[in-house]
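Trainee: What follows is a predicted protein model with its sequence.
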Amino acid sequence: MGRIRFRDLAGSVRDGKLDGDQITAAGRQYDRDSVDILPPVEPSKIVCVGRNYAKHAAERDSDVPDRPLLFLKPPNAVAAHGDEIPLPAGKDRVDHEAELAVVIGSQARNVDAADADEYIAGYRKTRREPTASAVG
């Protein structure tokens, strides 16, 4: 069973629990195929860290920087499970490598590794192609 965020047939956004093809939210049952699955959160911003490990820096033929390379993504860059990821205008491919984002669902500090799952709202994947020329 997992946490899920969805829009019901009336257009209301709800949080629920997914068990197989059934969603339970506020005491009601929904069929997974009858709702729109949404990203696990609606972020105000997305802060990313680039070239933060040696193998990635080597791929780019550069050194690991002394400080993290931070960059932003717009909130609408988040896609829901099963959403198509459109290519930017003028692009005919995406990079072979994807990135994984861990969506933190609540504030946390000094959390034991065994308890970390309690703070994870979901996982997101992204394509790296748009950042390749900017990081370059």
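Mentor: It's in. Numbering: from 1, shown residues only.

Trainee: Run through the residues that contact the nearest residue to D33 once chain neighbours are set aside.
Mentor: Spatial nearest neighbour of D33, excluding adjacent residues (CB to CB, 6 or more residues apart in numbering): D21 at 7.0 Å. Using the backbone N, CA and C atoms, a C-beta is placed for each residue, glycine as well. For D21, the contact set (CB atoms under 8 Å, 6 or more residues apart in numbering) comprises 31-33.

Trainee: just the residues you listed now: which is nearest K55?
Mentor: Lowest distance from K55 to the contacts of D21 (CB to CB) belongs to R32, with 37.5 Å.

Trainee: can you map out the helices along the protein?
Mentor: Using DSSP state H, the helices of the chain run over 54-59, 129-135.

Trainee: Pull out the buried residues from the first one.
Mentor: I take that to be helix 54-59. Of all the residues in helix 54-59, those buried under the rule 16 or more other CB atoms under 10 Å are 56-57.

Trainee: Contacts for it, please.
Mentor: Outside of helix 54-59, the residues within contact range by CB under 8 Å, 6+ apart are 50-51, 63-65.

Trainee: one step back: quickly, which of the helices of the chain bottoms out on average pLDDT?
Mentor: Among the helices of the chain, helix 129-135 has the lowest mean pLDDT, at a mean of 46.

Trainee: doesn't I120 make contact with G105?
Mentor: Yes. The criterion here is CB atoms under 8 Å, and G105 meets it with I120 at 6.4 Å.

Trainee: According to the record, where do the domains of this structure fall?
Mentor: 2-38, 46-135 (automatic domain parsing).

Trainee: Below-threshold pLDDT in this protein: ranges please.
Mentor: By pLDDT under 70, the weakly predicted segments of the chain are 1, 94-99, 124-136.

Trainee: That one: strands as residue ranges?
Mentor: 2-7, 13-19, 22-25, 28-31, 36-38, 46-50, 69-73, 98-104, 120-127 (DSSP state E).

Trainee: Dump these into a markdown table; add mean neighbour count and distance to I85 as well.
Mentor: Shown next, in a markdown table, are the strands of the chain (neighbours: other CB atoms under 10 Å; distance: least, CB to CB, whole Å):
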| stretch | mean neighbour count | distance to I85 |
| --- | --- | --- |
| strand 2-7 | 16 | 19 |
| strand 13-19 | 15 | 22 |
| strand 22-25 | 17 | 24 |
| strand 28-31 | 12 | 25 |
| strand 36-38 | 17 | 15 |
| strand 46-50 | 14 | 15 |
| strand 69-73 | 13 | 13 |
| strand 98-104 | 13 | 9 |
| strand 120-127 | 16 | 6 |
